[in-house]
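S.K.: Next input, structure requested:
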Amino acid sequence: MFSIELTEGAQLRPLEPWQAEEFLAHMDRARATVDPWIPWASVSADLAGATATLQRYADGQAQDGKRLFGIWLDGILVGGTMFVAFDTKVGNCEIGVWLEPSATGRGLITRAVRVLIDWAFTVRGLHRAEWHCNPLNVDSSNVARRLGMTREALLREAYPWQGRRNDTEIWAVLASEWPAEPR
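M.R.: You can find the predicted model right below:
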């Protein structure tokens, strides 16, 4: 297993099906702030759902596709980041994130996403990293800005969630634009 230190006391590690109980406990703490933005939070409402969510990502990783990583702070799972999509043939990926309220304001998400983008560009040779978010989720848009991404589009009423149609912003950064050092 690997672990990447994000800050003192905070690590980025793979999040796998055998950790479903820990993931479910985390989702229970984070659900109110995660569910409005990430639809899979509501399907991880019991142990079977949490296990299924983690298994979907494990299966994706086994096929060299999507991947899921947790963020642990002082030994407690507090959030994570994922490759929602990872396509080596096309050279594109999409990154998503979530964090429970107790861990906000520490730069953990920005640091974790930087690790994923660095890996996608420098190790896997991908060309483009995307970030999709609801424009009402200002915290998410701010992470994209801090990472130096460009807002490329607003897809109006792009998906149904929680009884209404929601907009999606698309942000992206190209490998040629990605700085070698943090901004």
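S.K.: roughly how far apart are the residue in the chain sticking out farthest from the centre and residue 36?
M.R.: Among the residues of the chain, the one whose C-alpha is farthest from the average of all C-alpha positions is residue 163, by Cα atoms, centre = their mean at 23.8 Å. For residue 163, the distance to residue 36 equals 12 Å [Cβ to Cβ, to the nearest Å]. Yep, even glycine has a C-beta here, placed from its N, CA and C like the rest.
S.K.: Kindly report the same for residue 49.
M.R.: Between residue 49 and residue 36 the computed distance is 18 Å (Cβ to Cβ).
S.K.: so where's the chain shaky on pLDDT?
M.R.: Counting by pLDDT under 70, the low-confidence segments of the chain come to 1, 180-183.
S.K.: At which residues are the strands of it located?
M.R.: Counting by DSSP state E, the chain has strands at residues 4-7, 10-14, 67-73, 76-87, 92-99, 128-133, 150-161, 164-174.
S.K.: Tabulate those in a markdown table, adding columns for mean neighbour count.
M.R.: What follows is the strands of the chain, written out as a markdown table (neighbours: other Cβ atoms under 10 Å):
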| stretch | mean neighbour count |
| --- | --- |
| strand 4-7 | 14 |
| strand 10-14 | 19 |
| strand 67-73 | 22 |
| strand 76-87 | 21 |
| strand 92-99 | 22 |
| strand 128-133 | 22 |
| strand 150-161 | 12 |
| strand 164-174 | 16 |
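S.K.: Pipe the ones you listed into a markdown table and attach distance to residue 116 per row.
M.R.: Written out in a markdown table, the entries for these read as follows (distance: least, Cβ to Cβ, whole Å):
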| stretch | distance to residue 116 |
| --- | --- |
| strand 4-7 | 10 |
| strand 10-14 | 9 |
| strand 67-73 | 7 |
| strand 76-87 | 6 |
| strand 92-99 | 6 |
| strand 128-133 | 8 |
| strand 150-161 | 18 |
| strand 164-174 | 12 |
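S.K.: out of those, nearest to residue 32?
M.R.: Proximity to residue 32, assessed across the strands of the chain by Cβ to Cβ, is greatest for strand 92-99 (11.9 Å).
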